[in-house]
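> Prediction below, plus the sequence it came from.
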Amino acid sequence: MMQETDIRQKRGTEWLGKAGLRPTRQRVSLAALLVGDGHDRHVTAESLYAASCETGEKVSLATVYNTLRAFCDAGLMREITVDGSKSYFDTNTSNHPHFYWEDDSHLSDAPAEQLEIARLPGAPEGAEISAVDVVIRLRPKPKHS
């Protein structure tokens, strides 16, 4: 019977194979953290680096950034930018909206079936729309005394 870590590594390796990426030790380790449990997730480079350190994997923050970029370039992940500077990386590459929780700075999926965009402005001459990112910012309701 396969151990949980073996299953995660296998899923990570298969995920990399889908995109034709070479399964280096560090890529497999990070992929296992991202998709090893079979669930989609949103991470920052810093949160993935911290999770990697917790497993004892020797990887630098720069390597995590470079690996996330390679995963995005290969179509395995999407980058969602919040506030023009904070990047989140999503293993669910389908077009779907997100909630950004301002109180603890995390991203979660919003129900796509409830989103209606009636009309987009036309793209300027010589350009085409490649994607529409919808980030809905949330904060706790104020408590009334």
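Ah, there it is.
> so how far is residue 78 from the most centrally placed residue in the chain?
Note on the chain: the residue nearest the mean C-alpha position is residue 90, at 1.8 Å, using C-alpha atoms, centre = their mean. Using C-beta to C-beta, to the nearest Å, we find residue 90 at a distance of 5 Å from residue 78. Bear in mind the C-beta positions are built from the backbone N, C-alpha and C, glycine included.
> can you check residue 40 too?
According to C-beta to C-beta, residue 40 and residue 78 sit 11 Å apart.
> Show me whatever sits in contact with both of these two.
Listed as contacting both residue 40 and residue 78 by C-beta atoms under 8 Å, 6 or more residues apart in numbering are 90, 92.
> and those two? which has more neighbours close in?
Between residue 40 and residue 78, counted using other C-beta atoms under 10 Å, the more crowded position is residue 78 (20 against 15).
> Can you pull the phi/psi pair for the more buried one?
In terms of degrees, to the nearest 10, the main-chain angles of residue 78 are phi -120, psi 140.
> Do I have it right that it meets residue 96?
No: using C-beta atoms under 8 Å, residue 78 makes no contact with residue 96, being 9.4 Å away.
> Buried residues in stretch 68-88, which are they?
Within stretch 68-88, the residues scored as buried using 16 or more other C-beta atoms under 10 Å are 68, 70-72, 76-78, 80, 82, 87-88.
> From these, which land in helices?
Within these, residues falling in helices by DSSP state H are 68, 70-72.
> Redo those as JSON lines? Include distance to residue 104 and pLDDT.
Below are these laid out as JSON lines (distance: C-beta to C-beta, whole Å; pLDDT from 0 to 100):
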{"residue": "68", "distance to residue 104": "21", "pLDDT": "97"}
{"residue": "70", "distance to residue 104": "28", "pLDDT": "96"}
{"residue": "71", "distance to residue 104": "25", "pLDDT": "97"}
{"residue": "72", "distance to residue 104": "24", "pLDDT": "96"}
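> circling back: name the residues contacting each of residue 90 and residue 78.
With contacts defined as C-beta under 8 Å, 6+ apart, no residue is shared by residue 90 and residue 78.
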